[in-house]
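[1] structure, please.
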Amino acid sequence: ADFISQSSSLWLFALDELLLSIGLIAVASATFRFGVLPTWHGYIGAGAGTLAFINFALELARFGNWRLFSVISGISIAFVGFILQPIWLALLGCYLAGTADSGANRQSLMTSSERFEDSAAKAGDDDDAMFSGAAAADVRLGAAGDHVGDGQL
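    Numbering: from 1, shown residues only. Coordinates of the predicted model:
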């Protein structure tokens with residue numbers, strides 16, 4: 001019964017690392033593809049996501065040698081969770097706070113959905129219908145005097 005209890009919690013912690021790696025790598029690839037955030041942020045996210053995926057494999061390797069891979073996995077979890085992820089979040093917050101003060105950077109972040117529409121149209125995706133519907137909703141709200149459609153916040 002104890003082994004079943006340990007294995008179920010092991011799978012939950014391993015899944016946590018897998019989902020963290022998927023999220024960080026997805027944000028990093030979007031950073032490189034669309035260029036909304038600086039590339040250094042993408043590199044930190046890609047590194048943290050890769051280490052989180054390696055940690056997922058180390059968590060699963062605990063079934064083979066529990067003592068050895070528990071120590072290695074614990075070090076990896078501490079490095080990603082206590083060093084890389086807080087650095088990633090703090091730098092993201094500092095960057096977003098800096099862009100809130102400057103008008104040019106703010107405008108580039110506001111028009112990032114338009115860049116996404118252009119790249120989706122070039123790729124032949126049909127996802128731009130969703131964005132055009134959202135733009136139509138913004139125009140309707142702007143007509144009501146809410147200033148959403150004209151890019152002002």
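
[2] so for the helix or strand harbouring residue 44, mean pLDDT?
    Counting by DSSP states H and E, the element that carries residue 44 is helix 39-61. The average pLDDT for helix 39-61 rounds to 94.

[3] list the buried residues for it?
    41-42, 44-49, 51-56, 58-61 (16 or more other C-beta atoms under 10 Å). C-beta here means a position set from N, CA and C on the backbone, and glycine is covered the same way.

[4] then stretch 64-78?
    69, 72-73, 76-77.

[5] among those, which ones are in helices?
    Of these, the ones assigned to helices by DSSP state H are 69, 72-73, 76-77.

[6] tell me the one among the residues you listed nearest to residue 17.
    The closest of those to residue 17 turns out to be residue 77 (C-beta to C-beta; 7.6 Å).

[7] before we move on, the earlier item: need the residues that contact the helix holding residue 44.
    Helix 39-61 is contacted by residues 10, 13-14, 17-18, 20-25, 27-29, 31-32, 69, 72-73, 76-77, 79-80, 84-85, 87-88, 91-92, 95 when judged by C-beta atoms under 8 Å, 6 or more residues apart in numbering.

[8] could you report the distance from residue 78 to residue 54?
    Remark: distance between residue 78 and residue 54 (C-beta to C-beta, to the nearest Å) = 14 Å.
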